[in-house]
Each structure stands twice: as structure tokens, then as C-alpha cells.
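Asks: Sequence first, then the predicted structure, then my questions.
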Amino acid sequence: MRIEFVYFDLGNVLVSFDPEIAVGNLADLADVTIDEARHAVYGSGLQDSYERGEVDCQTYARSVRKLLKQDESLMEQQTLLDAISNMFTPINEMVATVQYARQKCGRVGVLSNTCPAHWNWVRRQPWPVAMIDFDVTVLSCEIYSMKPDWVIYESAERAARTAPEKILFLDDKQENVDAARKRGWNAECCRGGAPADQCIREYLG
């Protein structure tokens, strides 16, 4: 079956990331301990809610400030959102891989569990991989569903406008790949760079 659409995960496929850098940025900004900052973002469940679209940017920032006992005047919203987002590194080899996929099958997209702050921060960077003009972008925060939930895959299928068996998906987490395969997708677990490029070429020729 010919592949007609390729979805790429964002984290660890198009860009690498380190949550501990985000935690450190927030700890420095709020003048709190690493453990306090980590709990505010990850331990509290707030980041998952943000990525599911259950809270908006304003509510997220306000909630983080409350957990860290910070005044809004001392921690402006955009500064806070940038602090928790400045943890990504481009995998610029993926530019050629995405271009090859588009050349071979026509259309490409992003399918990612992410929040508005992370997505917007990455797209503001002057990196070649951040400037790719994808045909479709499916983000958990906009769909109100996170991989491996079936809802986000269903939305991605509609956006791709092709049969599930004609979709190829690359993700760095096996559970997300397994969920895609259950829907009839072609899906592989790999990270960005040489492994992803090899995978694309094996599927697309």
C-alpha cells in the first residue's frame, strides 16, 4: 500500500528536549528550589492538563505562580512560559528527511502531545527544522486529547484525508506507535536524525 501521508512527532523526532532544563529555568526565575519548580510543573499534573488543553496559557501561568507563591508583577506570563519552554534543541538533519518524505508521498504533518507555550516557542526559533511548513499540524492541546488516546489519532486521520493504512507515523514512544498501529497505521518507534531518516527511506523507497 502506497504511503500518502507522513506524520512526525515533535519531541525527540524533530527537536530534542530536556525537562530538567525547563525546571532549572523556572527555579532560577522564581528563586525556588529545583524540587519546588519540578512539582509545580510536573508533579502537580498541571503540565498534563496544559497539554490536554484543559487549561489555557493564562490559567496555567496563574496556577504555576500560585504553587510557587509568586506575584504576577514579579513573574510576567510570557516570561514564565518561555522559561518552561526553553529546553529544546533542533534536530536539523530532519529537514532533509521531511523534505524527502514530502517529495515521495506529497504531504507531511506534525502529530504531537504538546502545549501552546512549547509549540509557540519552538516555532519562534530561527532553526531550519522550526521553519518547516507542514501541511497539517495536530496538537494535543488543540484536540483535547493526548496520545495514545484514540481521539487524537481519529482527528489526525481526518486531517490527513487519506485511509489509515496509507499513513506513516514516527514517534519516540512505543505506546504511541502501538496505538497508531491498532488503527491500521504504519508506525515506527524511533528518534530523529539517522534512525528516522532510515525508517522513512525504507518505507518510501
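Replies: The structure has been received and is ready for your questions. Numbers count the residues shown, from 1 in each chain.
Asks: Could you break the protein into its assigned domains?
Replies: The chain breaks down by automatic domain parsing into domains covering 5-16+89-204, 19-85.
Asks: tell me the most buried of the ones you listed?
Replies: Greatest average neighbour count among these goes to domain 5-16+89-204 (a mean of 19), per mean count of other C-beta atoms under 10 Å. All C-beta atoms are positioned from the backbone trio N, CA, C, and that covers glycine.
Asks: Now render the domains of the chain as JSON lines, adding mean pLDDT.
Replies: Shown next, in JSON lines, are the domains of the chain (pLDDT from 0 to 100):
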{"stretch": "domain 5-16+89-204", "mean pLDDT": "97"}
{"stretch": "domain 19-85", "mean pLDDT": "96"}
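Asks: List phi and psi for the residue nearest to Ile152 when sequence neighbours are not counted.
Replies: Spatial nearest neighbour of Ile152, chain neighbours left out: Ser145 (4.2 Å); criterion: C-beta to C-beta, 6 or more residues apart in numbering. In terms of degrees, to the nearest 10, the main-chain angles of Ser145 are phi -160, psi 140.
Asks: What of Arg102?
Replies: Backbone geometry at Arg102, expressed as degrees, to the nearest 10, gives phi -70, psi -40.
Asks: what do you get for the one 3 residues further on?
Replies: Note on Cys105: backbone dihedrals following degrees, to the nearest 10 are phi -120, psi -10.
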